[in-house]
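*Asks:* give me the fold of what follows.
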Amino acid sequence: MACLKMPEVNHVIIAGNLTKDPVIRKTSNGVSVINFCLASNHKYRDASNQWAEDVCYVGVVAWNKLAESCMSKLRKGSAALVDGELQSRTWHAEDGTTRTVVEIKAHRIQFLNKPEYPEYNPELPEFEEYDFTESQFAAGFDEASARETILMDRTETPLSLDLKLKPKNGV
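*Replies:* Model prediction:
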């Protein structure tokens, strides 16, 4: 029988939440490295057809610029999607035993949490000019109130307002 060569594939994609704050350090050569643990939940129906949940805890390591970008974005509870490869490493513990760990060496990390406080930058380009001449305004708006709403002073606290003005004739 012919000997078949098995393809060398080592690719992992996992999403989960950090179980604690990441550990950030630099090697003696000044290379940034970050380690953290992800908890990934798996829901399934058990033998009695009830929903059950399994949690898989996986260690992750990231190096260089990827580690540096994680430093400000990841905290305990942060959601992340990690794309990488499995690697194992072995070391001798202080008690003389040999320890081995299998972890994910991250190639890409996507931060899944929205920023807590999106930055407001009053120096962004101004809104496009809006022609108020010949416009029909939504109920409750006349030209003056629409102009005031659209052209409000951008140094004030920004409002969360979506306003779409349509002419009454539907064009």
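*Asks:* what is the burial count for A106?
*Replies:* Applying other CB atoms under 10 Å, we find 21 residues neighbouring A106. Using the backbone N, CA and C atoms, a C-beta is placed for each residue, glycine as well.
*Asks:* that one: what's it in contact with?
*Replies:* Neighbouring residues of A106 by CB atoms under 8 Å, 6 or more residues apart in numbering: 60-62, 66, 82-84.
*Asks:* with A67 instead?
*Replies:* A67 neighbours (CB under 8 Å, 6+ apart): 24, 32-34.
*Asks:* just the buried ones among those, please.
*Replies:* Burial by neighbour count, 16 or more other CB atoms under 10 Å: within the contacts of A67 this picks out 32-34.
*Asks:* tell me the one of those nearest Q50?
*Replies:* Compare each of these with Q50 using CB to CB and the shortest gap goes to I34, at 38.3 Å.
*Asks:* the closest one touches G59, doesn't it?
*Replies:* No: here I34 does not reach G59: they are 11.4 Å apart, not a contact under CB atoms under 8 Å.
*Asks:* rebuild the contacts of A67 as CSV, extending it with distance to N113, pLDDT and secondary structure.
*Replies:* Output for the contacts of A67, formatted as CSV (distance: CB to CB, whole Å; pLDDT from 0 to 100; DSSP: H, G, I helix; E, B strand; the rest coil):
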residue, distance to N113, pLDDT, secondary structure
I24, 18, 92, strand
S32, 21, 93, strand
V33, 22, 95, strand
I34, 16, 95, strand
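*Asks:* quick one: which of these is nearest K5?
*Replies:* Of all the contacts of A67, V33 has the smallest distance to K5: 33.9 Å, by CB to CB.
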